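J.: Curious how this folds, go ahead:
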Amino acid sequence: MSEDTDALWVQQTLAGDQHAFGELVLRYERDVFNLAYRMLNDRGEAEDAAQEAFLRAYANLERYDPSRSFKTWVLSITSNHCIDRIRRRRLTWLSLEEPLPPHPALTSDTPSPEEATVAHEREVFVQGLLDELSPDYRLVVVLRYWYDLSYAEIAEMLDTTESAIKSRLFRARQALADQLESQSIPAFDPALEGS
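T.: The predicted structure follows:
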């Protein structure tokens, strides 16, 4: 399916076909939920945020510019809503009981118990680092490294310039490096691996 299909579904929705909007939801619900989950670090809150993002998209569908990607547009709505939620709650809490699931591309069908434990610890650690970032920095890191969006796509989504995105991403990476340094993470020693 293409962006032309998205534009057709938008037109059909605006003409009164709610089933067409359902197709858009089915196509992008996973992306919207994953972004909300990365931003909010709470499954229930992410589900609520994803639902709210689609409701806002539906309510503002006449504002959608068909020359833009629908995915970018709905992710922009999602990110803005998540940032608003983060600002409202003012505290970010890392839940060790509910770590992020690993990215599907990084998992194998049958990980060993050791691999699963290491992956789980890595996900908890990475989410903890992300939670320490400001919402604006966290958003650009997630969009760039989780969704693999280009600087131009992120800039369009956040209605800013590519240089502003590059600057935010640089500062976010610096903040992450400072966190790593302050936590005194022991260096990986390949000689100890397998012993």
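
J.: tell me which element the nearest residue to residue 54 once chain neighbours are set aside falls in.
T.: Leaving aside its chain neighbours, residue 54 sits nearest to residue 25 (5.5 Å; criterion: CB to CB, 6 or more residues apart in numbering). C-betas here are computed from N, CA, C, even on glycine. Using DSSP states H and E, residue 25 sits within helix 18-40.

J.: now what about that helix, what contacts it?
T.: Identification of contacts with helix 18-40 by CB atoms under 8 Å, 6 or more residues apart in numbering yields 1, 6, 8-10, 12-13, 43, 45-47, 49-50, 53-54, 57-58, 61, 70-71, 74-75, 78-79, 81-83, 85-86, 100, 130, 135, 138-139, 142-143, 146-147.

J.: can we see that at 6 Å?
T.: 9, 12-13, 46, 49-50, 53-54, 58, 71, 74-75, 78, 82, 142, 146 (CB atoms under 6 Å, 6 or more residues apart in numbering).

J.: What distance do you get for the residue most central in space within the chain to residue 46?
T.: Centroid check for the chain by CA atoms, centre = their mean gives residue 35 as the closest residue, at 2.6 Å. According to CB to CB, to the nearest Å, residue 35 stands 9 Å off from residue 46.

J.: Burial check on the residue nearest to residue 72 when sequence neighbours are not counted, number of neighbours?
T.: The shortest distance from residue 72 to any non-neighbouring residue, by CB to CB, 6+ apart, is to residue 157 (5.1 Å). Counted with other CB atoms under 10 Å, the neighbours of residue 157 add up to 26.
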